[in-house]
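K.L.:
here is the input, now give the coordinates:
(one chain, ligands or ions: 2)
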Amino acid sequence: MAFVAVEGIDGSGKSTVIQLLAKLLPKVYVTKEPSDGPVGRLIKEWALKGGSVDPHVDALLFAADRIEHYKREVEPKIREGYLVISERYVESSIAYQGAAGVPIDFIKYINKLVPRPDLTVILDVDPEVAEARIRRRGHVEKYEYVQFLRRVREIYLTRAAEEGHPVVDASRSPEEVAADVAEIIHRSVIEPRGRQSLG
Ligand SMILES: Nc1ncnc2c1ncn2[C@@H]1O[C@H](COP(=O)(O)OP(=O)(O)O)[C@@H](O)[C@H]1O
Ligand SMILES: Cc1cn([C@H]2C[C@H](O)[C@@H](COP(=O)(O)OP(=O)(O)O)O2)c(=O)[nH]c1=O
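P.N.:
Ligands and ions are numbered 1, 2, ... in the order given. Below you'll find the model as predicted:
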């Protein structure tokens, strides 16, 4: 049916909001990157724990995981008629590996093998707020430090302006954020498909 990517820095509330979206929208299939596949596991067990010496390696691994994720999981579920919502997709690589110094043209090029989503929504929150939320959650990972997340946020917002991605204020309650995101998905993804099927 359609494919939506929900993006934002760690602690912006993606997982929390996506769980609420699954209750607000029809026939939702939830997935995420890095995936649970072999490349995704390598990323989580090695790259994100500081194993990789160069962020280009991270970009390549995330791109490889994404191709596998899209072809094995996302594409089949779209064909089965689901509204597939992925927590993170290409914009995460552009924002995070871009902030780590990898040229954005390189990141775009290695992600050419997967299609653009029907919609990308950016959850936006001050990195200090996000960091405080993460601290309450527990483990902090390689890419989760405030000054780094400030650069990640800037790239997300630049990309949103360039590509027309809607940006949602994620500093509010999960319910308010989820209601806004659901309305955006309804307006730009679900309703246009309803009109198409009406001919
Ligand atoms: N809107 C919110 N307001 C306050 N706390 C939140 C909000 N959304 C999520 N949290 C909390 O912040 C932490 C990170 O949320 P999570 O959904 O895991 O973020 P992400 O998936 O973007 O890293 C969790 O402990 C969660 O309960
Ligand atoms: C998908 C993706 C994630 N990341 C980073 C963002 C996060 O800090 C980290 C893990 O993603 P995260 O959403 O935090 O997964 P989990 O909740 O399982 O820890 O990977 C990239 O740097 N590039 C990417 O392309």
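K.L.:
quick one: end-to-end length of stretch 36-54, please.
P.N.:
23 Å (CA to CA, to the nearest Å).
K.L.:
surely W46 meets S52?
P.N.:
Yes: under the criterion of CB atoms under 8 Å, W46 makes contact with S52 at 7.3 Å. C-betas here are computed from N, CA, C, even on glycine.
K.L.:
of the two, which one has the most company?
P.N.:
S52 (18 against 13; other CB atoms under 10 Å).
K.L.:
so that one belongs to a strand, correct?
P.N.:
No: according to DSSP: H, G, I helix; E, B strand; the rest coil, S52 belongs to no strand; its state is coil.
K.L.:
so what's it up against?
P.N.:
46, 58, 61 (CB atoms under 8 Å, 6 or more residues apart in numbering).
K.L.:
where does the last one land on pLDDT?
P.N.:
Here, the pLDDT recorded for L61 equals 98.
K.L.:
now it: which helix or strand?
P.N.:
helix 55-69 (DSSP states H and E).
K.L.:
for the next helix or strand after that helix, buried residues please.
P.N.:
The C-terminal neighbour of helix 55-69 among helices and strands, as given by DSSP H and E, is helix 75-79. Residues of helix 75-79 classed as buried by neighbour count (16 or more other CB atoms under 10 Å): 77-78.
K.L.:
what's in contact with helix 75-79?
P.N.:
1-3, 29, 31, 84.
K.L.:
run through the strands of the protein in chain order.
P.N.:
Using DSSP state E, the strands of the chain run over 2-7, 28-32, 83-87, 119-124, 167-169.
K.L.:
okay, those in JSON lines with mean pLDDT next?
P.N.:
Compiled in JSON lines, those are given as follows (pLDDT from 0 to 100):
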{"stretch": "strand 2-7", "mean pLDDT": "98"}
{"stretch": "strand 28-32", "mean pLDDT": "98"}
{"stretch": "strand 83-87", "mean pLDDT": "98"}
{"stretch": "strand 119-124", "mean pLDDT": "98"}
{"stretch": "strand 167-169", "mean pLDDT": "98"}
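K.L.:
would you convert those strands into a markdown table that also reports mean neighbour count and distance to ligand 2?
P.N.:
Formatted as a markdown table, those follow (neighbours: other CB atoms under 10 Å; distance: least, CB to the nearest ligand atom, whole Å):
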| stretch | mean neighbour count | distance to ligand 2 |
| --- | --- | --- |
| strand 2-7 | 24 | 9 |
| strand 28-32 | 18 | 7 |
| strand 83-87 | 24 | 6 |
| strand 119-124 | 23 | 12 |
| strand 167-169 | 17 | 17 |
